[in-house]
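> Build me a model from this:
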Amino acid sequence: MNINWQHLLIYILFVFNLEHVLAQAEKDSLLKRDFHLFKDEVIQLTESKLHEIRQQKKGEVTKRLKDKDALKILEITKKYGFLSYQRVNNITGEEYFIDQLNVHLLFQCFPEKHKKAAHLLLKKEYEIGNIKRCDFGFLVKDLLNVTDYTVLKEYGIVVTESIITDNKTEYRFDCLDR
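Sure thing, here's the model as predicted:
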């Protein structure tokens with residue numbers, strides 16, 4: 001039997017891509033069908049976290065999500081995909097704003113013990129296109145506690161400014177994709 005390896009490779013890539021497309025279509029379909037079941041909970045988490053951040057003093061560390069809330073966000077993301085407000089608006093047809101629905105912010109506030117699981121899940125979401133490159137870069141920075149910011153260039157994130165105050169250096173970042 002003579003096997004054409006090029007045809008076999010093309011077939012394997014086609015099947016892999018088809019599986020990805022079908023899985024994504026299923027997530028989108030589930031999100032459209034079920035979003036009403038959990039939207040209030042996600043919006044409440046976002047709004048309460050934003051309220052906490054607005055109330056905190058400069059330099060104060062933002063409180064982490066409770067374990068049960070972090071696990072809930074992981075569960076939702078695994079089943080429905082990353083809930084960027086743009087994706088939710090496109091799929092559900094309902095309009096939400098960043099200060100109502102900001103799962104990105106919630107992942108930035110993940111408890112340390114759930115950060116690795118969050119990173120692995122979000123990496124899959126990034127690879128299938130549910131998270132934009134720079135958004136994933138900012139999540140990587142926070143979830144992996146990145147201190148060598150040169151690695152973020154792979155995700156389109158660059159340091160634009162270093163500010164030294166009170167023996168502390170703060171950095172400002174920008175996205176190359178904008």
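> Based on its surroundings, how many neighbours for the closest residue to R64 other than its chain neighbours?
With CB to CB, 6 or more residues apart in numbering as the measure, P111 is the residue that lies nearest to R64, at 4.5 Å, once sequence neighbours are left out. The way it works is simple: take the backbone N, C-alpha and C, and place the C-beta from them, glycine included. Using other CB atoms under 10 Å, the number of residues around P111 comes to 15.
> cool, I128 as well?
One way to gauge burial is a neighbour count; for I128, by other CB under 10 Å, it gives 14.
> Ok, K132 next?
Number of residues near K132 (other CB under 10 Å) recorded here: 19.
> Report the secondary structure state of D177.
coil (DSSP: H, G, I helix; E, B strand; the rest coil).
> Contact partners for T160?
In this structure, T160 makes contact with R172, F173, D174, judged by CB atoms under 8 Å, 6 or more residues apart in numbering.
> Out of the residues you listed, which sit inside helices?
With helices identified by DSSP state H, none of the entries of those belong to them.
> can you give me the strands for this structure?
With strands called from DSSP state E, the chain shows them at 157-165, 168-175.
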